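**Student:** Turn this into a model:
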Amino acid sequence: MKDYVRSNWTNVVLVCRKCSKKLDGGFGPDGGERLAKALRKHLSLKKGRKATAGVMEVNCLGICPKGAVTVVDAAASRDWLLVRPGADLDELAESLGLNASEYP
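**Tutor:** Numbers count the residues shown, from 1 in each chain. Sure thing, here's the model as predicted:
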């Protein structure tokens, strides 16, 4: 049995599932998607370990801001972001170290 499993991810972003659920969407072109799904679509990431970067929804991170979603860049976990609905996904991806040009 293996002791580890390799992912092909270069970066990992953690998105609070509870915050996303409370907002009931607010992201993407129509404003009807949750942040993690909208970010994956925006960067055209594949699913699961086959993706070049991981955008994962995790259980409550404990910040619970009103009208925003808590996001953590795993590479720079000291600074957490509070993302409001309708935020520019290009700017968000850049601040998380996910350049849209790197992901096909």
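**Student:** Does Val15 belong to a helix, a strand or coil?
**Tutor:** strand (DSSP: H, G, I helix; E, B strand; the rest coil).
**Student:** Go ahead and confirm it touches Cys60.
**Tutor:** No: Val15 lies out of contact with Cys60 (C-beta atoms under 8 Å); the separation is 11.4 Å. C-beta here means a position set from N, CA and C on the backbone, and glycine is covered the same way.
**Student:** Which of those two has more residues huddled nearby?
**Tutor:** Neighbour count, other C-beta atoms under 10 Å: between Val15 and Cys60, Val15 has more, with 23 against 12.
**Student:** Distance check, that one against Met1.
**Tutor:** 31 Å (C-beta to C-beta, to the nearest Å).
**Student:** how about Ala74, what does it touch?
**Tutor:** Asn11, Val12, Val13, Leu14 (C-beta atoms under 8 Å, 6 or more residues apart in numbering).
**Student:** count of neighbours near the second one?
**Tutor:** For Val12, the number of neighbouring residues by other C-beta under 10 Å comes to 16.
**Student:** hey, where'd the strands end up in the protein?
**Tutor:** Using DSSP state E, the strands of the chain run over 12-16, 54-58, 69-73, 80-83.
**Student:** so how far is Ser44 from Val58?
**Tutor:** Counting by C-beta to C-beta, the gap from Val58 to Ser44 is 22 Å.
**Student:** quick revisit: can you tell which of the strands of the chain is closest to Pro29?
**Tutor:** Judged by C-beta to C-beta, the one of the strands of the chain that comes nearest to Pro29 is strand 80-83, at 16.2 Å.
**Student:** Using PDB, list the CA coordinates for the closest one.
**Tutor:** Presented in PDB, the C-alpha positions along strand 80-83 are these (Å, rounded to 0.1, in the frame of the first residue of the first chain):
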ATOM      1  CA  TRP A  80      -6.000  35.300   4.400                       C
ATOM      2  CA  LEU A  81      -8.200  37.100   1.900                       C
ATOM      3  CA  LEU A  82     -11.800  38.100   2.300                       C
ATOM      4  CA  VAL A  83     -13.400  38.100  -1.100                       C
END
